[in-house]
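Q: model this:
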Amino acid sequence: MRLRQIGRCGKLNWFVIQIRNQQLFALGKALEQRFVQEMAEHIRAYFPERAEDLDQAAMERRIAEALTTARTHGLRSKQDCCRYLNVVGVCGWDFEREEKYAWAVRALNDPEVTSPSERLDGVLARCLRRLKTDLNNLEQRRQFGLDEVHSL
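A: Residues are numbered from 1 along each chain as shown. Coordinates of the predicted model:
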C-alpha cells in the first residue's frame, strides 16, 4: 500500500491510497474465509444434521465447495450464497447430484429466468412447500398413532 499526495486546497492535502492487486487478493481471501466461518455457524445452528459428522475443517471445506457451486449458478451476493446454503441444509450437501433434486438443478440453470436470485427464489419456494408438506404428514401420522414415523 502506498500513500501519494495528489493535490492541495488551502490547508488541506489530498491523498490517494494505492492498493496492489496482491493486497486486494489477500483482503478478498480473508473476507471469504470469514464468510465461510459464519456460514459454518449458520449450518450448525439451523441444519445440525448436516454438521453431525463434520469437524470444523471438514465443514468449512464443504461450505467452500457449496459456495463454488452456487457461483456457477450466478449467485454472488452474500445473501444469495446464504440462501443457497439453506437449500443445501434442506436437501443435503450433494443434492445437485441426486436424481430426486434434478428439478432444483434445472431451476437453477433455467435460461427463461434471467436473474440468478429469482431462479433461487423458485427453488427455495419449492423447498419450503416440501418442508410444510412433510411436517403436515408427520403430524397426521402422529395423530393417527402410526408407528412408522420418518424424520425429515
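Q: give me the low-pLDDT residue ranges for the chain?
A: In the predicted model of the chain, residues 1-11, 14, 147-152 satisfy pLDDT under 70.
Q: So which residues of it form strands?
A: 2-9, 12-18 (DSSP state E).
Q: what helices or strands is the shortest one leaning on?
A: So the one you mean is strand 12-18. Counting contacts by 3 or more C-beta pairs under 8 Å, 6 or more residues apart in numbering; DSSP states H and E, strand 12-18 packs against strand 2-9. Every C-beta, even on glycine, is put in place using the N, C-alpha and C of the backbone.
Q: which helix in the chain runs the most residues?
A: Using DSSP state H to define each element, the chain has its longest helix at helix 116-143.
Q: Would you indicate which residues of that helix are buried?
A: 116, 119, 120, 123, 124, 127 (16 or more other C-beta atoms under 10 Å).
Q: Same check on stretch 82-95?
A: 82, 83, 84, 85, 86, 87, 88, 89, 90, 91, 92, 95.
Q: From residue 112, how far out is the second one?
A: Computed with C-beta to C-beta, to the nearest Å, the distance linking residue 83 and residue 112 is 20 Å.
Q: doesn't residue 131 make contact with residue 90?
A: Yes - counting by C-beta atoms under 8 Å, residue 131 is a contact partner of residue 90 at 6.6 Å.
Q: if we can go back for a sec, out of the buried residues of stretch 82-95, list just those in helices.
A: Counting by DSSP H, these contribute 82, 83, 84, 85, 86, 87, 88, 89, 90, 91 to helices.
Q: between those residues, which is closest to residue 73?
A: Closest approach to residue 73 among those (C-beta to C-beta): residue 84, at 7.5 Å.
Q: contacting residues around that closest one?
A: 66, 67, 69, 70, 73, 75, 120 (C-beta atoms under 8 Å, 6 or more residues apart in numbering).
Q: Include distance to residue 17 when you put those residues into CSV, please.
A: Converted to CSV, the contacts of residue 84 look like this (distance: C-beta to C-beta, whole Å):
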residue, distance to residue 17
66, 35
67, 29
69, 35
70, 32
73, 35
75, 31
120, 36
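Q: This completes my enquiry, with thanks.
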